[in-house]
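A.B. asks: what follows is a predicted protein model with its sequence.
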Amino acid sequence: MNTVNARVSVQELKRFTIEAFVRVGVSAQDSETAAEVLVTTDAWGVFTHGTKLLRGSLRRLKAGGLKPDGNPRITSQGPAWATVDGDSSTGMVTSVFAMKTALAKARQCGIAYVGVHNSCHYGAAGYYAWLAAREGFIGLSMANDIPSVAAPGSRSAITGSNPISYAVPAGQYPPILLDMSVATVAGGKVYAARTRGETIPDTWLLGADGRPTTDPSGYPQIGALQPAAAHKGYGIALLIETLAGALSGAAITWQVGNWMWDDGTRPTGHGAAFIAIDVQSMMPCQKFTDRIEALIQEIHSAPRADGVSRLYVPGEMEWERHARAIQEGIVLPSDVVASLQESADISGACMPKLTS
C-alpha cells in the first residue's frame, strides 16, 4: 500500500472515482455527480472530505446500506420549500438534487428551503453552497450527524459535528465560501491523525474523563470533540439539528447511524438542509456584486498585524489551491493515497496514475 504523498491530475482522479462508483452499480450520471463533489473538494485542499470518503461509500453501496440505484425525490412541497427523500442514494447525489430544487424554487419566490431525509454523509458542505453561488444566488448548506461533539460541561457527545456552509457570489472575485464544523475541528481530521499515529492539539478532543486530550486513538468510541467557541458552537449545532434533522423529517442525534463504523447493510438516516436566496429578486445582480467586491477590497486593504502579508476572505485559500490543482494536479496526502488503494480493491477500478 502506498504510504507517501503523490500527485494526480484532476481529470485522472475524477476518472478513477467515476469508474469505482460505476463498478459497484451506480449509474454513470450519478457516478459523475458524486465524483465531481469529491474531486472538487480535494482540489480545494480539503482532503478529509474528498475522495478519502470514497471507500466508505463503496462499502455501503456493496453492503446495501446505500442503494446504487437510489432515486431522490420530492415527497412534499410548497412554492418556496420542499422535502426530499434521498432513497438511501449517496449523500452527494441527493444533496445536488436538493440544492438544484432549492434554486428552482428560489427563482420563483426569491428564497427557498429544501430539507432532506433518508440520506447519508454528503461530503463537504461547501460544494452545495457553491452550486448556488455560481448561479448568482446566496447559498447555505448544512447537515446533521451522529453525536460526536460535547456540550459545555458534558462528559460525552451531545450533538453531531453538524457542518454548515455559505457561499456568496462576488463578481470579479471567486465566491466567498465558508465551510465549518460546529466542533473546534472536523472529526475527519481526528480520524486522519489517528490513522497516521499522530497526537492532536488539546483543543480538539475530550477524553473519557471529559478532560482535553492529545490522544486520538480511541475516537470516536471514546471521547468527544470540543465545541467551537464553547456555547456558541453548541448553539449553532442545535440550529442545524433543527433545520437539517427535525424539520426535514430525518433522524436526529443518536438516531443517526455512524456511516463509517455501523452496520453497512443499514441506512444511516442523515438529514440535510439547503437554502437558496435569489439576489436578482431583491436587487440588480451587478449592484449586489459591486457591493460585495467593495467589501472584499475593504478587507484586503485593512491594516495588518506585524508579519502578516495578506488578509483573506473565506474561501480565497481554497480557490487558489483549486486553480493550482487544475494546472498542476493535486498533491494527495499519504492517507488519501492509501484510501484510494482500498477503494480500488473494493471496486476493482484501476488506480489513478500517480506521480511523485
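C.D. replies: In hand now; what should we look at? As the structure is a computational prediction, the values presented were derived from the model and not from experiment.
A.B. asks: show me what contacts the closest residue to Val182 other than its chain neighbours?
C.D. replies: Using C-beta to C-beta, 6 or more residues apart in numbering and skipping the chain neighbours, the partner closest in space to Val182 is Ala237 (4.1 Å). Every C-beta, even on glycine, is put in place using the N, C-alpha and C of the backbone. Residues near Ala237 by C-beta atoms under 8 Å, 6 or more residues apart in numbering: 149, 159-160, 162, 182, 227.
A.B. asks: could you do Arg23 as well?
C.D. replies: Residues near Arg23 by C-beta under 8 Å, 6+ apart: 347-349.
A.B. asks: and those, which of them are buried?
C.D. replies: 347, 349 (16 or more other C-beta atoms under 10 Å).
A.B. asks: now render the contacts of Arg23 as TSV, adding pLDDT, distance to Ala273 and secondary structure.
C.D. replies: Listed next are the contacts of Arg23 as TSV, based on pLDDT from 0 to 100; distance: C-beta to C-beta, whole Å; DSSP: H, G, I helix; E, B strand; the rest coil:
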residue	pLDDT	distance to Ala273	secondary structure
Ser347	98	31	helix
Gly348	98	36	coil
Ala349	98	33	coil
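A.B. asks: spatially central residue for this structure, please.
C.D. replies: Residue closest to the average C-alpha location in the chain (C-alpha atoms, centre = their mean): Ala124, at 1.5 Å.
A.B. asks: I figured that one hits Asp42, correct?
C.D. replies: No - in this structure Ala124 lies outside contact range of Asp42 using C-beta atoms under 8 Å: 9.6 Å.
A.B. asks: hey, what's in contact with both of these two?
C.D. replies: Gly50.
A.B. asks: pLDDT score assigned to His231?
C.D. replies: pLDDT recorded at His231 is 96.
A.B. asks: ok, it - how many residues close by?
C.D. replies: Using other C-beta atoms under 10 Å, His231 is surrounded by 11 other residues.
A.B. asks: contact partners for it?
C.D. replies: Pro152.
A.B. asks: ditto for Leu354
C.D. replies: 2, 6-8, 332, 337.
A.B. asks: can you pick out the most distant pair from those?
C.D. replies: Asn2 and Arg7 (12.2 Å; C-beta to C-beta).
A.B. asks: dihedrals phi and psi, the nearest residue to Ala251 once chain neighbours are set aside?
C.D. replies: In this structure, Ala251 finds its nearest non-sequential neighbour in Gly269, 3.3 Å apart by C-beta to C-beta, 6+ apart. Dihedral angles of Gly269 (phi, psi; degrees, to the nearest 10) stand at phi 80, psi 20.
A.B. asks: do the one 4 residues further on as well
C.D. replies: In terms of degrees, to the nearest 10, the main-chain angles of Ala273 are phi -140, psi 140.
A.B. asks: circling back: just the contacts of Arg23 now: which is nearest Ser88?
C.D. replies: Closest approach between these and Ser88, by C-beta to C-beta: Ser347, at 18.7 Å.
A.B. asks: from Leu340, how far off is that closest one?
C.D. replies: For Ser347, the distance to Leu340 (C-beta to C-beta, to the nearest Å) stands at 11 Å.
A.B. asks: mind listing what's buried in the helix of greatest length in the chain?
C.D. replies: Identified as the longest helix of the chain according to DSSP state H is helix 91-109. Of all the residues in helix 91-109, those buried under the rule 16+ other C-beta under 10 Å are 91-103, 105-106.
A.B. asks: likewise stretch 275-291?
C.D. replies: Neighbour-count burial for stretch 275-291 flags 275-279, 288-289 (criterion: 16+ other C-beta under 10 Å).
A.B. asks: so which of the residues you listed are in strands?
C.D. replies: Residues of those located in strands (DSSP state E): 275-278.
A.B. asks: how about these in JSON lines, adding distance to Tyr219 and pLDDT?
C.D. replies: Compiled in JSON lines, these are given as follows (distance: C-beta to C-beta, whole Å; pLDDT from 0 to 100):
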{"residue": "Ile275", "distance to Tyr219": "31", "pLDDT": "99"}
{"residue": "Ala276", "distance to Tyr219": "35", "pLDDT": "99"}
{"residue": "Ile277", "distance to Tyr219": "37", "pLDDT": "98"}
{"residue": "Asp278", "distance to Tyr219": "41", "pLDDT": "98"}
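A.B. asks: let me see the ranges of the helices in the stretch 1-150 of the chain.
C.D. replies: 10-23, 28-43, 54-63, 91-109, 125-133 (DSSP state H, counting those that start in this stretch).
A.B. asks: out of those, which is closest to Pro212?
C.D. replies: helix 125-133 (26.2 Å).
A.B. asks: verify the contact between Ser165 and Ile138 for me.
C.D. replies: No - contact between Ser165 and Ile138 fails when scored by C-beta under 8 Å: they sit 11.5 Å apart.
A.B. asks: where does the chain have low pLDDT?
C.D. replies: Within the chain, the ranges that satisfy pLDDT under 70 run 1-3.
A.B. asks: and the contacts of Leu354, which are buried?
C.D. replies: Neighbour-count burial (16+ other C-beta under 10 Å) applied to the contacts of Leu354 gives 6, 8, 332, 337.
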